[in-house]
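Participant: sequence and predicted structure are below.
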Amino acid sequence: MTSLIRFLSVINLVQLSACRWGAMFLVLAIAVIVSASVFFRYVLNDSLSWSEELAKYAMLWLVFLGAPIALRLGIHPNIEIMISKFPKRVTQSILTLMHLAVFIFCAFLALKSHEFAWNGRTQVAIAVGDVSMYWFFVSIPLGMASMALVSLQQFLEGALGLSRSEPVEKDRFTEKHRPILEEF
């Protein structure tokens, strides 16, 4: 099981790094698009017809690229006060089962949302140049599949931690980005 965890750790390191760079690019793109829209509308009195819709779709991609990162770093909202009252071993068991539930949920949504995206391939976003809606909708199954991989790794780490007395080592992505979060 440790070799599977190591394999998932490498896969998740690569995919989460790609998500991080993609999210940074999208934040910059959204800022440029919205700034250009404001400039054209209020300074030049000529609004851009495509800016609002493109910014919305960029935000959609941003959400589904950022969600796996937030899941891996443990910064999704959750109710820790309930499980923190239990003994450490029970708390660890509950968290492990929660990771399993998240994995099942995300894997299911990845499959179902791919059907949704595929059905949207015949629709087009006219405002952004007749682009198939599939390219916007596909962010959902990709984000869900990415979250499923992250939660699978977390589940396996938790299950291995329950069967061992020593804790499971953290992956490099979490160790690299945890100090950045602690600055805020």
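Facilitator: Looks like it arrived, so ask away.

Participant: pLDDT below threshold where in the protein?
Facilitator: Scanning the chain for pLDDT under 70 picks out the ranges 79, 162-174, 176-184.

Participant: now do 50
Facilitator: Along the chain, the model assigns pLDDT under 50 to residues 167, 184.

Participant: quick one, helices of it?
Facilitator: 2-42, 51-73, 80-83, 88-119, 134-137, 139-163, 172-182 (DSSP state H).

Participant: and of those helices, who's closest to Ala127?
Facilitator: helix 51-73 (4.3 Å; C-beta to C-beta). In this view, the C-beta of every residue, glycine as well, is placed from N, C-alpha and C.

Participant: okay, the angle between the closest one and helix 139-163?
Facilitator: 10 degrees (axes from the mean of the first three to the mean of the last three C-alpha atoms, to 10 degrees).

Participant: what sits up against helix 51-73?
Facilitator: Residues from elsewhere that reach helix 51-73, judged by C-beta atoms under 8 Å, 6 or more residues apart in numbering: 12, 15-16, 19-20, 22-23, 26-27, 29-30, 33-34, 36-37, 40, 76, 102, 125, 127-128, 136, 139-140, 142-144, 146-147, 149-151, 154, 171, 173-174, 177-178, 181.

Participant: buried ones among those?
Facilitator: 12, 15-16, 19-20, 22-23, 26, 30, 33, 37, 102, 125, 127-128, 136, 139-140, 142-144, 146-147, 149-151, 154, 171, 173-174, 177 (16 or more other C-beta atoms under 10 Å).

Participant: can you list the buried residues in stretch 70-81?
Facilitator: 71-73.

Participant: same question for stretch 93-111.
Facilitator: 93, 95-96, 98-100, 102-103, 106-107, 109-110.

Participant: from one end of stretch 36-56 to the other, what's the distance?
Facilitator: This stretch, stretch 36-56, spans 15 Å end to end (C-alpha to C-alpha, to the nearest Å).

Participant: what of stretch 67-81?
Facilitator: Using C-alpha to C-alpha, the span of stretch 67-81 from its first residue to its last is 23 Å.

Participant: so how far is that stretch off the chain centroid?
Facilitator: 10 Å (C-alpha atoms, centre = their mean, to the nearest Å).

Participant: with stretch 25-33 instead?
Facilitator: For stretch 25-33 - counting by C-alpha atoms, centre = their mean - the centre lies 18 Å from the chain centre.
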